[in-house]
Structure formats: C-alpha cells, structure tokens
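Undergrad: output the structure for:
(one chain, ligands or ions: 1)
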Amino acid sequence: MIEAEKSAALLARAAAVIPGAVNSPVRAWKAVGGATLFIARGDGPAVIDADGNRFIDYVGSYGPAILGHAHPEVVAAVAEEAARGFGYGAPTELEVALAERIAAAVPMARKVRLVSSGTEAGMTAIRLARAATGRPRIVKFDGCYHGHSDSLLVRAGSGAMTLGVPDSAGVPEALAALTRVARYNSLDAVERYFRAEPREIAAVIVEPVAANMGVAAPAPGFLKDLGDLAHRHGALLICDEVITGFRLGYGTAHEMFGAAPDLIMLGKVIGGGMPIGAVAGRADLMDLLAPVGPVYQAGTLSGNPVAVRAGLKTLEILARPGTYERLDEMSARLGDGIAEELRGTNLNGCVNRVGSLVTAFLGVETVRDADEARRADTEMFARFFHAMLERGIYLPPSQFEAMFVSLAHREVEIDRTVEAARESLASLARN
Ligand code: PMP
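TA: Model (predicted):
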C-alpha cells in the first residue's frame with residue numbers, strides 16, 4: 001500500500017472548496033477508483049506526491065512536459081522572465097519570436113494567434129471557419145476532444161468519454177445540433193453529411209492522431225482524403241494539433257500524414273508547461289481576426305511573456321539534433337515492451353503507439369475508432385492502473401488517455417516500467 005496520509009488530508013480539504021476536489025475532472029480518478037494523489041513536485045521523468053512517494057510519470061501534464069518536469073534550462077528562462085514582470089496587456093518581442101518559430105516549422109501556419117488554452121484555440125478556429133464560409137455546421141469525430149467549448153463538447157473523448165458523459169448539461173440543444181459526428185478513420189458519415197447539407201458545413205475538425213480515446217493512428221490516406229472531401233464541398237479542414245504539435249517531430253503531424261488543413265490548433269508543448277494555445281493557418285483566414293477583421297477574439301493573458309518564454313526555450317531544445325529520434329527510441333522500447341508482456345499473459349489487449357503517444361488497451365485486439373475503444377475492459381484497466389501505481393509507475397488514470405513519454409525518460413525508467421507491467425499483468429492474469 002502507498003502511504004498517502006497527506007494526500008488524503010489534502011483531498012478532504014479540497015473537497016470542501018473545489019467541486020469534486022479537482023480543477024479538471026480526469027484528475028479525480030473516477031474511472032479507476034481510489035483516492036487521487038496530490039503532487040508536490042516534478043523531477044525529470046518523475047513526480048513526487050505530497051507524502052514524498054516518487055513515481056515514474058507518464059501523465060506528463062497531459063502532454064506539455066515533453067522535456068520531463070522542471071527542465072533546468074526552461075526553469076532558468078522562466079525565472080529570468082518572471083523577474084521582469086508577468087505581462088503587460090501590450091505586445092512583447094517574445095510573442096513575435098514564438099509566432100516566427102511556429103511559422104518557420106509549419107509551412108501552412110502563415111499567421112499565428114496566441115491564446116491561453118487548447119479550448120480557446122478550438123473555439124476560435126471554428127468561429128473563424130464559420131465566418132469565412134458563412135456556414136453554421138461543424139463535423140467532428142466521435143472520441144476526438146477539442147476542448148470544452150459548447151460546439152465541440154459533443155461525443156468528445158478524454159474526460160467526457162471516461163466519465164460516460166459525451167454531451168454536457170448546459171450545452172443548448174440548438175447549438176449541439178450544429179455539430180455532426182462521424183466515426184474516426186471513416187469518410188462514410190462525412191460524405192453523407194456533405195451530401196445531405198451541401199452548403200451548411202463550415203469545417204471538419206480532426207485530431208490527426210486521435211489521442212483522447214486512447215491513442216488511435218489515422219488510417220493511411222484518411223487525413224488527406226478528408227481534407228480533399230472538405231475542400232471539394234467548400235468547407236475547411238481544421239487539424240487539432242494541441243497534442244500532436246511538436247510532439248511527434250519538430251512541427252506538426254498533419255504534414256507527416258499528408259493532410260492540408262486550412263487552420264490548425266496548437267497548445268501543450270508550445271507553452272513548455274505553462275498555459276498556452278494557438279490558432280494558426282492561412283493568412284487570409286487569420287486576418288479575419290480582430291483587430292483587422294470582423295471575427296472577435298481576445299485574451300487578457302494571451303501571449304503571456306512567462307508562458308511564451310517557457311515555450312520558446314522548450315522549442316529551442318526540441319530543435320536540437322537527435323531529439324525526436326531519441327524520444328521515438330524510448331517510446332518504442334516502452335510500447336514494444338508492454339506489448340510483449342501482454343503477449344506473455346493470456347490477457348487480450350493491444351498497444352497503440354504513434355511516436356511518444358502510447359496506449360495499452362486491455363480486453364480488445366484492435367482500436368481504430370471510439371467504438372472499438374469503448375469495448376476495452378475499463379475495469380481491468382483500473383486494476384492495471386493501481387498495480388502499476390503500487391510499483392511506482394504513474395499512468396494516466398483512464399483507459400482513454402495517452403501515456404506521454406518524455407525526453408527525460410531513459411532506458412532505466414522505461415525498463416522499470418516494462419518490468420512493472422510484467423508483474424502487474426501477471427497479477428491480473430492470475431485473478
Ligand atoms: N485538443 C486536444 C487534442 C486536446 O487533447 C486538448 C486537451 N487535452 C484540448 C484540445 C484542449 O486543451 P486545453 O485543455 O488546454 O483547453
């Protein structure tokens with residue numbers, strides 16, 4: 001048993017003043033049971049909880065911590081910037097530098113608007129698409145998550161999938177009705193929607209690699225064909241690269257898969273762990289934003305200098321030679337290792353991996369879309385989660401999230417994780 005007295009006390013205090021004791025639902029461990037741990041600090045590949053327990057961490061702040069926690073160069077950059085001030089409500093050179101860096105790495109990103117979260121990026125992207133096309137409807141994919149703005153919180157993944165509430169109370173039906181939902185990796189429904197409502201659909205929005213139903217790779221040609229289909233019908237393609245941006249390589253995933261989005265959303269890695277998001281894309285579309293154009297969008301903390309500085313330093317480190325090769329090597333070691341341990345038991349399961357995004361699905365042989373993901377054995381996953389935790393491994397507390405490998409994970413951490421998976425899976429197979 002893990003000693004967690006201080007976490008338990010914090011949980012009791014939190015429950016009195018914070019709804020469900022957490023500031024984002026998946027942190028409550030509802031899908032795996034048990035009492036969530038309060039984290040006191042991070043250290044490279046590890047997190048240390050309030051009681052001093054140390055875990056090898058695969059939550060990675062849900063994606064931003066690609067360098068591991070508290071990378072000394074990023075910490076120094078943030079400290080230096082914080083000493084100057086926290087933001088001025090006026091532009092800074094840093095924002096220009098980050099927009100330039102993104103534009104240099106992503107050819108379609110001719111202009112960039114910084115916001116403070118992925119949710120804001122999604123909200124802004126669809127507002128732009130609706131304004132540009134004069135059409136109201138959006139097509140999204142079952143199990144893809146694009147933040148919690150009203151129009152996009154329809155059959156969403158991540159916490160919404162984990163908690164079994166794909167639609168949120170409080171979203172007006174009239175608004176949700178403007179969002180059409182298709183099966184990931186299939187064009188059938190999308191084609192149907194375009195046929196039925198030819199001049200109604202403003203945009204199709206997609207995660208180039210689905211990572212909020214657990215990880216599911218795009219089928220060959222899917223993203224390119226999706227873009228072609230949307231464009232044929234005068235609609236836009238929006239690629240949500242909040243997770244995938246600068247995660248799979250120095251730039252975006254849509255290029256790796258041959259897609260041609262008009263707009264993209266970014267977040268997570270580009271803020272180096274600080275709150276950030278971005279919309280980027282075609283100059284004509286981006287120039288629809290206020291103050292040049294008629295699409296309103298704003299933010300008190302948008303382009304916050306401390307966040308931008310963290311992001312700039314992170315991208316600078318990621319641009320060094322060999323980074324992504326190393327990340328991929330460690331991630332393959334993890335994914336292949338767990339897959340092999342799974343094969344060594346009588347348990348049904350599969351490991352989906354795209355770069356440093358990894359999900360071990362239990363109880364299903366393949367996962368290519370949300371329907372297949374939902375067939376996973378979430379009870380078995382919950383037992384796996386706790387067995388791993390007992391062995392010092394901190395996994396995302398849901399079957400429907402990615403494990404995030406970082407550059408701080410070395411062979412020793414990966415091998416300890418695979419060893420823990422062997423023991424955990426063996427104990428599940430016995431019971
Ligand atoms: N898009 C994707 C693909 C995401 O994974 C997330 C968050 N996990 C978001 C958008 C929303 O980002 P945020 O939580 O920063 O609002």
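Undergrad: which bits of the stretch 51-200 of the chain sit near the ligand?
TA: Where the stretch 51-200 of the chain comes near the ligand, counting by Cβ under 6 Å from any ligand atom, the residues are Y62, S117, G118, T119, G122, Y145, H146, G147, S158. Heads up, the C-betas are built off the backbone N, CA and C, glycines and all.
Undergrad: for ChimeraX, what selects the buried ones among those?
TA: Only the buried entries of those go into this ChimeraX selection, using 16 or more other Cβ atoms under 10 Å:
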select :62,117,118,119,122,145,146,147,158
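Undergrad: closest to R282 out of the residues of the stretch 51-200 of the chain next to the ligand?
TA: Minimum distance to R282 across those is 17.2 Å, recorded for G122 (Cβ to Cβ).
Undergrad: show me what residue of the stretch 201-350 of the chain gets nearest to the ligand.
TA: Shortest the stretch 201-350 of the chain-to-the ligand distance, computed as Cβ to the nearest ligand atom: residue-wise this is V242, at 3.5 Å.
Undergrad: so for the residue of the chain found nearest the ligand, what's the pLDDT?
TA: The minimum distance from the chain to the ligand, using Cβ to the nearest ligand atom, falls at G118 (2.2 Å). According to the predicted model, the pLDDT of G118 comes to 98.
Undergrad: ok, it - contacts?
TA: Going by Cβ atoms under 8 Å, 6 or more residues apart in numbering, G118 touches H146, G147, D240, V242, M265, G267, K268, G277.
Undergrad: quick check: the gap between the fifth one and N348.
TA: In other words, M265. Distance, M265 to N348, by Cβ to Cβ, to the nearest Å: 35 Å.
Undergrad: so for these two, which residue has more residues nearby?
TA: Each of M265 and N348 has its neighbours counted (other Cβ atoms under 10 Å); M265 has more, 31 against 14.
Undergrad: so which other helices or strands are in contact with the helix or strand where that one lies?
TA: For M265, the enclosing helix or strand under DSSP states H and E is strand 263-267. If you count contacts as 3 or more Cβ pairs under 8 Å, 6 or more residues apart in numbering; DSSP states H and E, strand 263-267 packs onto helix 118-133, strand 236-240, strand 277-281.
Undergrad: helix/strand/coil for the residue of the stretch 201-350 of the chain closest to the ligand?
TA: When the structure is split into helix, strand and coil by DSSP: H, G, I helix; E, B strand; the rest coil, V242 lands in coil.
Undergrad: which is the next helix or strand following the helix or strand of the chain with the lowest mean pLDDT?
TA: Taking all helices and strands of the chain together, the one with the lowest average confidence (mean pLDDT, DSSP states H and E) is helix 158-162, at a mean of 64. Helices and strands here follow DSSP H and E; after helix 158-162, the next one along the chain is helix 173-176.
Undergrad: A8 and T36 touch, don't they?
TA: No. Counting by Cβ atoms under 8 Å, A8 stays clear of T36, with 9.9 Å between them.
Undergrad: the more surrounded of those two?
TA: For A8 and T36, the more surrounded residue by other Cβ under 10 Å is T36, and the numbers stand at 22 against 16.
Undergrad: list the contacts of the more buried one.
TA: S7, L11, A21, V22, R27, A28, W29, P397.
Undergrad: and if we set it to 6 Å?
TA: Under the criterion of Cβ atoms under 6 Å, 6 or more residues apart in numbering, the neighbours of T36 are R27, A28, W29.
Undergrad: quick one: which of the residues you listed has the most company?
TA: Comparing these on neighbour count, A28 comes out first with 21 neighbours (neighbours: other Cβ under 10 Å).
Undergrad: hang on, the earlier thing: how close does the residue of the stretch 201-350 of the chain closest to the ligand get to T119?
TA: Counting by Cβ to Cβ, the gap between V242 and T119 amounts to 9 Å.
Undergrad: so, low pLDDT: which residues of the stretch 101-250 of the chain?
TA: Applying pLDDT under 70 to the stretch 101-250 of the chain picks out residues 157-166.
Undergrad: burial count for A131?
TA: The burial metric for A131, expressed as a neighbour count using other Cβ under 10 Å, is 17.
Undergrad: quick check, it in contact with G293.
TA: No. In this structure, A131 sits apart from G293 without contact. The criterion is Cβ atoms under 6 Å, and the distance is 7.8 Å.
Undergrad: which segments of this structure make up each domain?
TA: Residue ranges for the domains of the chain, per automatic domain parsing: 5-70+321-430, 72-318.
Undergrad: what sits closest to the residue most central in space within the chain if chain neighbours are left out?
TA: Nearest to the geometric centre of the chain sits I243, at 3.6 Å (Cα atoms, centre = their mean). Residue nearest to I243 in three dimensions, not counting chain neighbours: A211, with 4.7 Å by Cβ to Cβ, 6 or more residues apart in numbering.
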